[in-house]
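Visitor: Dropping a prediction and its sequence here:
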Amino acid sequence: MARKKKTLPFHIAHNYKHFELVIGGVKFWARDASAAKLYCDKVGWSPSSLKEIKGGDNETTTTKL
């Protein structure tokens, strides 16, 4: 039996935002800025260089946490 193909990716269906660390260039998805900061603390990254990626790669805004 074939698996049913998902219609929407998880991050779009659950309204996740795309975040990036300026230092290191690590990109990840999180629910909001507070969840992204919590994830950075858990992994051991500095949340001071965290920024939210809006739209494409060229359009970014800094998130103050």
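Guide: Cool, got the structure. Numbering: from 1, shown residues only.

Visitor: Show me what counts as buried in the helix ranked longest in the chain.
Guide: For the chain, the helix reaching the highest residue count under DSSP state H is reported as helix 33-43. Within helix 33-43, the residues that count as buried by 16 or more other C-beta atoms under 10 Å are 33, 36-37, 39-40. Bear in mind the C-beta positions are built from the backbone N, C-alpha and C, glycine included.

Visitor: The helix or strand harbouring residue 52 packs against which elements?
Guide: Using DSSP states H and E, residue 52 maps to strand 50-53. Other helices and strands packing on strand 50-53, by 3 or more C-beta pairs under 8 Å, 6 or more residues apart in numbering; DSSP states H and E, are strand 17-21, helix 33-43, strand 60-62.

Visitor: what pairs with that strand, and is each one parallel or antiparallel?
Guide: Next to strand 50-53 in the sheet, as set by DSSP bridges, lie strand 17-21 (antiparallel), strand 60-62 (antiparallel).

Visitor: Go through those strands and find the least confident stretch.
Guide: Sorting the strands paired with strand 50-53 by mean pLDDT places strand 60-62 lowest, at a mean of 49.

Visitor: quick one: low-confidence ranges for the chain?
Guide: Across the chain, the ranges flagged by pLDDT under 70 are 6, 56-65.

Visitor: Can you give me the neighbour number for residue 22?
Guide: 13 (other C-beta atoms under 10 Å).

Visitor: who touches the closest residue in space to it that isn't next to it in sequence in this structure?
Guide: Among residues not flanking residue 22 along the chain, residue 49 sits closest, at 4.1 Å (C-beta to C-beta, 6 or more residues apart in numbering). By C-beta atoms under 8 Å, 6 or more residues apart in numbering, the contact list for residue 49 reads 21-24.

Visitor: cool, and residue 17?
Guide: 29-33, 36, 52-53 are the contacts of residue 17 under C-beta under 8 Å, 6+ apart.

Visitor: top of those by neighbour count?
Guide: residue 36 (25 neighbours).

Visitor: measure it to residue 7 for me?
Guide: Applying C-beta to C-beta, to the nearest Å, the value for residue 36 to residue 7 is 26 Å.

Visitor: that older thread, compare the helices and strands packed on strand 50-53 and give me the one nearest residue 1.
Guide: strand 17-21 (34.2 Å; C-beta to C-beta).
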